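Asker: Need coordinates for the below:
(chains A, B, C and D)
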Protein chains: 2
Amino acid sequence: MNLYAMTDSAILLELGGRVKALRLRKNRSQKELSEATLLSLNAIKSLEQGKAKLTTVVAVLRELGALEEINHFIPEISISPIELAKRQGKRRLRARISRENINKKDNENGH
Amino acid sequence: MNLYAMTDSAILLELGGRVKALRLRKNRSQKELSEATLLSLNAIKSLEQGKAKLTTVVAVLRELGALEEINHFIPEISISPIELAKRQGKRRLRARISRENINKKDNENGH
DNA sequence: ACTTAAGAGTCCAATTTAAGGCTATTATAG
DNA sequence: CTATAATAGCCTTAAATTGGACTCTTAAGT
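Answerer: Residues are numbered from 1 along each chain as shown, chains lettered A, B, ... in the order given. Coordinates of the predicted model:
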């Protein structure tokens, strides 16, 4: 499954479907989930269609006991030791484009 | 890092921080990201504080080339072969609580 | 086959995020 | 040190999600 070949909305549907699969795997109804999370039934339905806020996703995953998955969703520390070394002692708290490279040119494209 | 020991808002802040780390790793500014994703600068700022919609997260991760992580976020096929076998031929499309077990009792608690 | 609850879909009001703009602070290049 | 781009914060309006209630269809238990 190549996510980069999918549209955003297709990805959102896919994610919603996966949350639904997790819920069904535990044989829990949308209503149960909504009561346990203190969210509305509509929020649960919308989430399973990919329409939700991050906060809703977190609450539902916690209730489903799948919170660890978030650690894979957005990697915790994604800086490789090599790259880390390049940054000598300088803490880089802000992005910076050197003034001569203003004619932007992607400096690192994973895709 | 035990996510279950954290509050929802703490988790949201953590996630926002990770997206920010990804962005800085590629040395891209919030403004650049907002232009590339066609989102507003405010949307990017809010996301980095954990306040965003799922759709915003997907768009930003795509631009940062970190979309693959979503495949690990929620496992694609999360039903174990063993459990799958238990469900004989019956497709289970809806959650169902047998009427005698209405006095609910968690049937599978990962935590 | 019958019954019932799960879930989809819709509507309205309330809450929250997104868009756009503007100011203040400060990291970082020079 | 100086200049400036990056970023945080706040404001207002527009758009989207959430809450709550309702109807209709249909999966699944009996």
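
Asker: gap between A:Leu22 and chain B?
Answerer: Distance, A:Leu22 to chain B, using CB to the nearest CB, to the nearest Å: 6 Å. In this view, the C-beta of every residue, glycine as well, is placed from N, C-alpha and C.

Asker: Look at the residue lying closest to A:Lys45 once chain neighbours are set aside and say how many residues are nearby.
Answerer: Using CB to CB, 6 or more residues apart in numbering or on different chains and skipping the chain neighbours, the partner closest in space to A:Lys45 is A:Gln30 (6.3 Å). A:Gln30: 18 surrounding residues under other CB atoms under 10 Å in any protein chain shown.

Asker: and A:Gln30, what does it touch?
Answerer: With contacts defined as CB atoms under 8 Å, 6 or more residues apart in numbering or on different chains, the neighbours of A:Gln30 are A:23, A:41, A:44-45, A:48, B:95.

Asker: switch to 7 Å and redo it
Answerer: By CB atoms under 7 Å, 6 or more residues apart in numbering or on different chains, the contact set of A:Gln30 is A:41, A:44-45.

Asker: what subset of those residues is also close to DNA strand C?
Answerer: Contacts with DNA strand C within those, as defined by CB under 7 Å from any atom of the strand: A:41, A:45.

Asker: which of the contacts of A:Gln30 count as buried?
Answerer: Buried subset of the contacts of A:Gln30 (neighbour count, 16 or more other CB atoms under 10 Å in any protein chain shown): A:Ile44.

Asker: In helices, which of the contacts of A:Gln30 fall?
Answerer: A:41, A:44-45 (DSSP state H).

Asker: What is the longest helix belonging to chain A packed up against?
Answerer: Longest helix of chain A, by residue count under DSSP H: helix A:8-25. Using 3 or more CB pairs under 7 Å, 6 or more residues apart in numbering or on different chains; DSSP states H and E as the contact test, the elements touching helix A:8-25 are helix B:54-63.

Asker: Give me the angle between the helix it packs on and helix B:8-25.
Answerer: Per axes from the mean of the first three to the mean of the last three CA atoms, to 10 degrees, the angle that helix B:54-63 makes with helix B:8-25 is 30 degrees.
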